[in-house]
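>>> Below is the sequence, then the predicted model.
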Amino acid sequence: MARKRQHARKASETWGAESPLGLENIRARFPFRDEERKRGRPIEFCWAFDVRGSVEKLWPIVADTSRLMGFMGMPEIDFEENDLGLHAETRWFGIQLHWQEPAWEWVDQKYYVVRRHYDKGPIAHYQGICYLEALDSERTRVIAYFGWIPANAIGRLLLKAMFSKTRLGLGIILSRIEEWLERGLPGHPIRHKRMPRADEAAIGRLHEAQKRLLERGLPALAVCELLRYLETADSIDLHRIQLRPLARRLGVGLNDLMRAALYATREGVLTLQWDVICPLCRGARESHEQLMAVPRRGYCRICHHSFVTSTEHAIEVTFRAHPSIRDTTPRHYCSAEPAHRPHIKAQHPLQPGATTLVTPFLDLGEYRLRTLDGSSVCVLDVAARGASETQRVIATRMPERLECGLHPTIELVNPTDKTLIVLIEEPGLGDDRLEPKHVLNAQSFRELFSSELLDCGTQLDMGQQAIVFVDIIQSSHWFATEGDANAFSALLDFFEELAAIADRHGGALVKGLGDGGMLAFAEPSGALDASIELQRAMSGSKPRVRVSGHVGPCIAVNLNGQLDYFGRTVVVAQRLQRVAEEAEVVVSRDLFDAVALSHAQWRDAPKFEGTLALPELSYTAGFVKLPVAPPSAETSEGAAVAAEGEPKGPRPMLH
């Protein structure tokens, strides 16, 4: 239900609303430049809306300007990146418009500014501003400003005609957001009117796929929630699906959702994508449906940065709805830079010779202050007792480190004769990315997409991996005793058990080794948990096995027609087999400490510690032996696999 809003007040060609910030302050703080004003007098709209909702909750919604403009009926825009930012074109009231859009200015949870400079048509320049003022912890004043400089009389008439439609559209949007926040509704408060929905044929295919996936024994909750999302979500959200945030939204475990998504891809419901990510702006620069098609180098035109794609964080794995299910053709109604780069807490284009003050909202911790191209970088250390005075920073000569207090004021200076874009960003990658190391270690992926290979000669940095080797003790004697046929059948069952246990703990069977296997896990806790469960599963049966593991950096390579892992971490994990025996698990000190650091129950577990000299590697490996007791009624089912985000981990299953 729409509530009464503060209405606009007409004054000449300016419409304003009473606000503590005020229209005059808006003009003073974000003025049109002198060369722009030479084209004529601006037409300006400015309104203030009081909304029941905190700044923290409102910001990600109002920053998604593409979704908002699409809802208001604005025309679709075609964007093309160039060295100056974005070049865009659209049709407005039947008139073709072309413009150059430089980098946006914004401070997270405070304001954003978008500027456009038109090449031709009835408009010369445009400036749009959204400013949020916290009235209290649960109420926010949203100030919306639109300013145009017409190029001719036709433009002036058309812009005046937009007044009522723009104000009404904003009021409806903010009313919907307010109701959505108050009622705690799922999904997104703004749904595109013109976005294509799932038709009856697509819904039928989804239902058939759901039936087949459930018959395979996949997690029912993950399957049903995923397919319901594909049916009901806005198509704008289905072009690039990130599984981590979706798992949190749907309330399902990441591993369950990943299994469901991989099998749904095989069913023709989803498409798997390998996105090349710029290490500076973290935007997806290109996308490929096959890992082999990923080029060895990527280039970001926005950041003017060339980078190799074999580094640990250069590729992100995403999904999109298959075209037979939903039309996910990208549709843009605004570039919406703040929504696409939430890790950036402030961004400011500095004009030649300009000086400006930036006052971002920052929590305690370290941030990175840098120029867009990364040529000048400073670590910004925000401390409770940091300096409270204004910090002056020359954009081209930043200090190596700068300490400041909460809500700092930073004076940025551009001493050059060209525009510099300066930003403050969180240094970490956040928790939304699903990377190759997570997917390649999924048993479901290796079973369903065994043809997925790296380009020959390409090495992919997998970051930290936990590698586990399993070896059958006295395998030759066991084969001779059992006979070839029986031993081979038992060996197949053994590898099937290896793969199943690895899968339950977020890992995968990388390869069989004749009388053993190599497993890989993205998380050390999964490796230790799987090792304990495996040794317990083999207790008292034949064949008997040794289990050893290590954690460290690895690379993925295309070896003998399959994805394999290579590096010293793999070698150390295999060498630890020398000190392993049956009924125990041997892991490196590094792996044990990585688990014990976050799972205190392991610190006092029964264990034997030692070292193993590896002269061929010029390395001495510290190791921990964990004796494994036979299964009991209380522990026969093994450790539970924790859902993502839960503090659960492997339990010591020792007596």
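Noted; the coordinates are in hand. From a predicted model like this one, the values you see are computed outputs, not experimental measurements.

>>> for the protein, what are the low-confidence residue spans?
1-21, 192-195, 386, 453-458, 478, 540-542, 630-655 (pLDDT under 70).

>>> Contacts for stretch 507-515 next, please.
Residues outside stretch 507-515 that contact it (C-beta atoms under 8 Å, 6 or more residues apart in numbering): 440-443, 445-446, 466, 468-469, 471-472, 475, 491, 495, 498-499, 502, 517-522, 526-527, 530, 562-565. The way it works is simple: take the backbone N, C-alpha and C, and place the C-beta from them, glycine included.

>>> hmm, which of these are the buried ones?
Using 16 or more other C-beta atoms under 10 Å as the burial test, the contacts of stretch 507-515 include 440-443, 445-446, 466, 468-469, 471-472, 475, 491, 498-499, 502, 517-522, 526-527, 530, 563-565 as buried.

>>> So which of the residues you listed belong to helices?
With helices taken from DSSP state H, the overlap with the buried ones among the contacts of stretch 507-515 comprises L440, Q443, F445, R446, S475, L491, L498, A499, A502, G526, A527, A530.

>>> ok, so of these, who is nearest E582?
Among those, S475 lies closest to E582 (C-beta to C-beta), at 12.8 Å.

>>> So that closest one sits against P543, correct?
Yes: with contact defined as C-beta atoms under 8 Å, S475 counts as touching P543 (6.9 Å).

>>> Kindly point out which residues are neighbours of both of the two.
With C-beta under 8 Å, 6+ apart as the test, S475 and P543 reach no residue in common.

>>> how many other residues sit next to the closest residue to Y126 other than its chain neighbours?
Closest residue to Y126 apart from its sequence neighbours, by C-beta to C-beta, 6 or more residues apart in numbering: R116 at 4.2 Å. By other C-beta atoms under 10 Å, 19 other residues sit near R116.

>>> which SS class is R116?
State at R116, reduced to three classes by DSSP: H, G, I helix; E, B strand; the rest coil: strand.

>>> Verify the stated contact: it with G147.
No: using C-beta under 8 Å, R116 makes no contact with G147, being 10.7 Å away.

>>> could you list every residue that touches the residue nearest to Y126?
Per C-beta under 8 Å, 6+ apart, neighbours of R116: A88, W99, Q100, E101, H125, Y126, Q127.

>>> Then G552 would be within a strand, right?
Yes: membership of G552 in a strand is supported by three-state DSSP.

>>> How many residues are close by it?
19.

>>> how about it, what does it touch?
Q464, Q465, G567, R568, T569, V572, D590.

>>> Give me the distance between the residue nearest to Y126 and R67.
19 Å (C-beta to C-beta, to the nearest Å).

>>> Bridged to V468, which residues?
Beta bridges link V468 to L519, G549 when assigned by DSSP bridges.

>>> Please read the previous query as pertaining to C130.
With DSSP bridges as the rule, C130 is bridged to Y112, A144.

>>> quick one: it from Q109, how far?
11 Å.

>>> Comparing the two, which shows the higher neighbour count?
Per other C-beta under 10 Å, whichever of C130 and Q109 has more neighbours is C130, with 23 against 19.

>>> ok, which stretches of the stretch 301-450 of the chain are helices?
337-340, 436-440, 443-448 (DSSP state H, counting those that start in this stretch).

>>> Go through those helices and pick out the most buried.
helix 436-440 (a mean of 23; mean count of other C-beta atoms under 10 Å).

>>> Q535: what secondary structure?
helix.

>>> could I have the helix or strand hosting E35 exported to CSV, CA atoms only?
Element membership of E35 [criterion: DSSP states H and E] is helix 34-37. In CSV, the C-alpha atoms belonging to helix 34-37 read as follows (Å, rounded to 0.1, in the frame of the first residue of the first chain):
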residue,chain,number,x,y,z
ASP,A,34,31.5,24.9,-16.4
GLU,A,35,31.9,23.5,-19.9
GLU,A,36,28.7,21.5,-19.6
ARG,A,37,26.7,24.6,-18.4
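
>>> where's that helix relative to the chain centroid, distance-wise?
With C-alpha atoms, centre = their mean, to the nearest Å as the basis, helix 34-37 stands 40 Å off its chain's centre.

>>> and if you look at stretch 269-280?
10 Å.

>>> Same question for stretch 293-301.
19 Å.

>>> Then stretch 168-177?
That offset, for stretch 168-177, works out to 29 Å (C-alpha atoms, centre = their mean).

>>> same check, this time on stretch 123-130
31 Å.

>>> Secondary structure element holding the most far-flung residue of the chain relative to its centre?
Each residue of the chain has a distance to the centre, and by C-alpha atoms, centre = their mean the biggest one is for T481: 52.9 Å. Using DSSP H and E, the element containing T481 is helix 475-482.

>>> helices and strands around that helix, which ones?
helix 484-504 (3 or more C-beta pairs under 8 Å, 6 or more residues apart in numbering; DSSP states H and E).

>>> The helix it packs on to helix 475-482, inter-axis angle?
130 degrees (axes from the mean of the first three to the mean of the last three C-alpha atoms, to 10 degrees).

>>> packing partners for helix 484-504?
helix 443-448, helix 475-482, strand 507-512, strand 516-521, helix 524-537.

>>> for the longest one, packing partners?
Right, helix 524-537. strand 460-472, helix 484-504, strand 507-512, strand 516-521, strand 545-559, strand 584-588, helix 589-598.

>>> Out of these, which is closest to R52?
Using C-beta to C-beta, the helices and strands packed on helix 524-537 put helix 589-598 closest to R52, at 39.4 Å.

>>> in the closest one, what's buried?
Within helix 589-598, judged by 16+ other C-beta under 10 Å, the buried ones are D590, L591, F592, D593, A594, V595, A596.

>>> quick one: which of the residues you listed is nearest to V628?
Nearest to V628 among the buried residues of helix 589-598, with distances taken as C-beta to C-beta, is F592, at 14.3 Å.

>>> The residue nearest to the closest one when sequence neighbours are not counted: which element?
Leaving aside its sequence neighbours, F592 sits nearest to V624 (C-beta to C-beta, 6+ apart; 4.3 Å). Following DSSP H and E, one finds V624 within strand 619-627.

>>> Contacts for that strand, please.
532, 550, 568, 572, 575-576, 579-580, 583-590, 592, 605-614, 652, 654.

>>> about what we covered before: quick one: which of the buried residues of helix 589-598 is nearest R41?
When the buried residues of helix 589-598 are compared against R41 (criterion: C-beta to C-beta), the nearest one is A594, at 64.8 Å.
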